[in-house]
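Participant: Quick check, what structure comes out for this input:
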Amino acid sequence: MAEKGVLQRYLSVGEVASRCGIAVSAVHFYERKGLISSIRTDGNQRRFHRGVLRKLAIIKVAQKTGIPLSEIGAALDKLPPNTVPTIKDWEKLSSQWRDDLNERIEQLTRLRDQLGKCIGCGCLSISACPLYNPGDMLGSDGPGARLLELKEE
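Facilitator: Next up, the predicted model:
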């Protein structure tokens, strides 16, 4: 990584993949999606600025929380171009995703808590359904797991 005591500014695709713990194909995929970018050497080899390591860390964390790549890309597009994301950038990005993450956590908690009682669909196919959905009152609200989609108050 270091050449004569000077930190290299650009990394090969293999170095990026190794440092991030992802496959080379994943690096190529993120580049095709426009989430990261590279330059080309005279020999047409990709070289990535070291700042791509931070962007890939952000992408990995966001994906692990279930944020779609399209949303990740839109958020990264709001950052200043050709810069390495800073702590303030991360705070801004993560705050944008926090509400969505909290909502998904609440939905998963409701799913966990109701899982043994009812599938929440209004199908009246198990004995607990009349207790949670008497007269199939949720049927008029539309298809799907209505009880899980309703906000608890």
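
Participant: which helices and strands sit right next to the helix or strand hosting Glu91?
Facilitator: Element membership of Glu91, judged by DSSP states H and E, is helix 87-114. For helix 87-114, the elements it packs on are helix 52-64, helix 69-77, helix 146-149, judged by 3 or more C-beta pairs under 8 Å, 6 or more residues apart in numbering; DSSP states H and E. (Glycine included, C-beta is placed from N, CA and C.)

Participant: Scan this structure for its longest strand.
Facilitator: With DSSP state E setting the assignment, residue counts place strand 46-49 as the longest strand in the chain.

Participant: Pairing partners for that one, with directions?
Facilitator: Sheet partners assigned to strand 46-49 using DSSP bridges are listed as strand 10-11 (antiparallel), strand 39-40 (antiparallel).

Participant: following the first one, which helix or strand comes up?
Facilitator: Using DSSP H and E, the helix or strand that directly follows strand 10-11 along the chain is helix 13-20.

Participant: Can you pull out the low-pLDDT segments for this structure?
Facilitator: Judged by pLDDT under 70, the chain has its weakly predicted residues at 1-7, 114-139, 143-153.

Participant: try it again with 80
Facilitator: Along the chain, the parts satisfying pLDDT under 80 run over 1-8, 81-82, 110-153.

Participant: Please identify the buried residues of the helix holding Glu91?
Facilitator: Applying a neighbour-count criterion of 16 or more other C-beta atoms under 10 Å, one finds Asp89, Leu93, Trp97, Arg110, Gln114 buried in helix 87-114.
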